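Visitor: sequence and predicted structure below; questions after.
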Amino acid sequence: MGFGPSDFAHSLSRRADRRSALGLISEVRAFEFQFDCDARRIHDQRIGTRRKGTRGIPRFVSSAILWLILLTPASASATYHPGDPVRGQRTFRFCAFCHSLKPGEIRAGPSLAGLFGRGAGSMEGFNYSRSLKNSSVIWNERTLDAWLANPRKFIPGNRMSFRGFKSPEIRANVIVYLKQATRTADQ
Ligand code: HEC
């Protein structure tokens with residue numbers, strides 16, 4: 001097997017560092033797993049075939065991402081910087097599989113352009129679940145944090161097949177990135 005990310009985590013001398021590195025690894029693994037399933041399903045839907053053993057993301061790409069995260073010194077220390085847009089952008093690559101930032105562009109999910117201040121389920125032309133449309137949620141830092149922590153709990157019956165991020169840091173990073181990246185010309 002060689003030296004992997006968990007060996008790296010176990011090799012950290014400070015207990016707090018070990019714990020936060022291990023937490024991050026399981027977070028990323030859970031996300032990868034969820035993402036593999038979704039990516040495969042969407043890929044099959046698009047191609048219209050069921051090829052056996054197709055993975056949405058090649059293994060080496062996801063483990064390279066994991067290593068990138070782990071080898072950035074801040075991630076392995078207790079002084080993790082909350083709300084880092086560069087890390088948020090990296091995480092958003094997963095979301096971008098289903099969400100464009102171009103106004104009106106529909107993937108498996110709606111475009112997130114102009115997200116802040118807009119009502120949930122309000123993008124023209126996207127066929128939202130009734131739960132999202134009727135939720136009367138307005139998107140801001142607070143509602144996005146609850147949504148990304150546990151979409152099913154925050155708006156039960158929604159159709160976004162994503163389990164959520166347990167780590168408040170990961171959520172803060174994505175939200176800070178989204179705040180910049182979803183701004184439209186008239187905002
Ligand atoms: C597998 C595809 C998929 C992935 C991955 C995904 N989403 Fe979604 N997302 C959806 C779908 C589908 C909806 C609409 C849900 C509904 O109608 O109930 C949605 C809805 C949303 C909404 C509400 C949009 C609106 O117009 O009200 C936000 C915000 C959002 N997603 C953010 C994210 C973020 C951030 C990520 C990454 C951490 C992410 N999503 C990952 C499919 C996805």
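Guide: Nice, I can see it. The structure presented is a predicted model; accordingly, all values stated were derived computationally and were not measured. Numbers count the residues shown, from 1 in each chain.

Visitor: these two touch, right, R90 and I65?
Guide: Yes: between R90 and I65 there is a contact under C-beta atoms under 8 Å: 7.1 Å. The C-beta positions use only the backbone N, C-alpha and C, and glycine is treated the same way.

Visitor: care to break the chain down by domain?
Guide: By the assignment in automatic domain parsing, the chain contains the domains 1-80, 83-187.

Visitor: for the longest one, what does the pLDDT average out to?
Guide: I take that to be domain 83-187. Taken as a whole, domain 83-187 has an average pLDDT of 94.

Visitor: close to the ligand, is that domain?
Guide: Yes: Domain 83-187 reaches the ligand (C-beta under 6 Å from any ligand atom) through 94-95, 97-99, 108-110, 112, 115, 120-121, 123, 128-129, 132, 139, 148, 158-162, 174.

Visitor: and the end-to-end length of that domain?
Guide: Separation of the first and last residues of domain 83-187 by C-alpha to C-alpha, to the nearest Å is 21 Å.

Visitor: how about the strands in this protein?
Guide: Ranges of strands within the chain: none, based on DSSP state E.

Visitor: in it, which spans are helices?
Guide: Counting by DSSP state H, residue ranges of the helices within the chain are 5-10, 15-47, 59-71, 85-95, 130-133, 141-149, 151-154, 168-181.

Visitor: point out the most buried one among those.
Guide: Among these, helix 168-181 has the highest mean neighbour count (mean count of other C-beta atoms under 10 Å), at a mean of 20.

Visitor: packing partners for that helix?
Guide: helix 85-95, helix 141-149 (3 or more C-beta pairs under 8 Å, 6 or more residues apart in numbering; DSSP states H and E).

Visitor: how far does that helix sit from its chain's centre?
Guide: 10 Å (C-alpha atoms, centre = their mean, to the nearest Å).

Visitor: gap between L178 and G164?
Guide: Applying C-beta to C-beta, to the nearest Å, the value for L178 to G164 is 15 Å.

Visitor: before we move on, back to that, let me have the helices and strands packed on helix 168-181 in JSON lines, extended by distance to G23.
Guide: Putting the helices and strands packed on helix 168-181 into JSON lines (distance: least, C-beta to C-beta, whole Å) gives the following:
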{"stretch": "helix 85-95", "distance to G23": "15"}
{"stretch": "helix 141-149", "distance to G23": "15"}
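
Visitor: ok, which of those comes nearest I25?
Guide: When the helices and strands packed on helix 168-181 are compared by C-beta to C-beta, helix 85-95 sits nearest I25, at 14.6 Å.

Visitor: I appreciate the help and will end here.
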